[in-house]
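> Pasting the sequence and the predicted model now:
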Amino acid sequence: MQLARDIAVRNAAELVRERYKRLLDELDKHLRDNVTLLAGAMAGQRGELDRALVPLRVPRAQADRNVVRGDEEHVIWPFTGEYWSDEVGTYRQSIRSKCR
């Protein structure tokens, strides 16, 4: 009985260590992503992003393609400050140009 208990404890400890390492790795990834987002936000505040985006501007004739519409696969949901990190890459937003 003691041997079976020791084996069970050892196996449980190994599972806990693996899960702990996996969760730490995920946390590290989120922290790296956060640093990247903050660096981008700071660059935007300094106006550095505007120069980089000039070649990406859409001509006025194509601006109607920028309207986000819902369909059978996509739902228009108002943003209230909450987001799901696994869906961040799928969010879409209409952008209105403030250029003259």
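Structure's in. What do you need?
> for the protein, what are the low-confidence residue spans?
Across the chain, residues meeting the criterion (pLDDT under 70) sit at 49-66, 100.
> Output the longest helix belonging to it.
The residue-count maximum for a helix in the chain (DSSP state H) belongs to helix 2-45.
> any idea how far it is from the chain center?
Remark: helix 2-45 is offset 17 Å from the chain centroid, using CA atoms, centre = their mean, to the nearest Å.
> Use 30 as the first number for this chain going forward.
I'll keep to 30 as the first residue from here, and by that count the last item is helix 31-74.
> isn't residue 120 right up against residue 114?
No - using CB atoms under 8 Å, residue 120 is not in contact with residue 114; the gap is 11.0 Å. For every residue, glycine as well, the C-beta is placed using N, CA and C.
> Tell me which residue is most central in this structure.
Central residue of the chain (CA atoms, centre = their mean): residue 117, 4.1 Å from the mean position.
> Just say helix, strand or coil for it.
Secondary structure assignment for residue 117 (DSSP: H, G, I helix; E, B strand; the rest coil): helix.
> where's it relative to residue 62, distance?
Noted for residue 117: a distance of 9 Å to residue 62, by CB to CB, to the nearest Å.
> same thing with residue 106?
Distance, residue 106 to residue 62, using CB to CB: 22 Å.
> neighbour count winner among the two?
Shown here are residue 106 and residue 62; by other CB atoms under 10 Å, residue 62 has more neighbours (12 against 8).
> before we move on, the earlier item: what touches both of residue 117 and residue 62?
Common neighbours of residue 117 and residue 62, counting by CB atoms under 8 Å, 6 or more residues apart in numbering, are absent.
> Neighbour count: residue 120 and residue 114, which is higher?
Counted by other CB under 10 Å, residue 120 and residue 114 do not tie: residue 120 has more neighbours, with 11 against 8.
> Not counting its neighbours along the chain, what's nearest the more buried one?
Excluding its sequence neighbours, the residue lying closest to residue 120 (CB to CB, 6 or more residues apart in numbering) is residue 112, at 7.2 Å.
> This completes my enquiry, with thanks.
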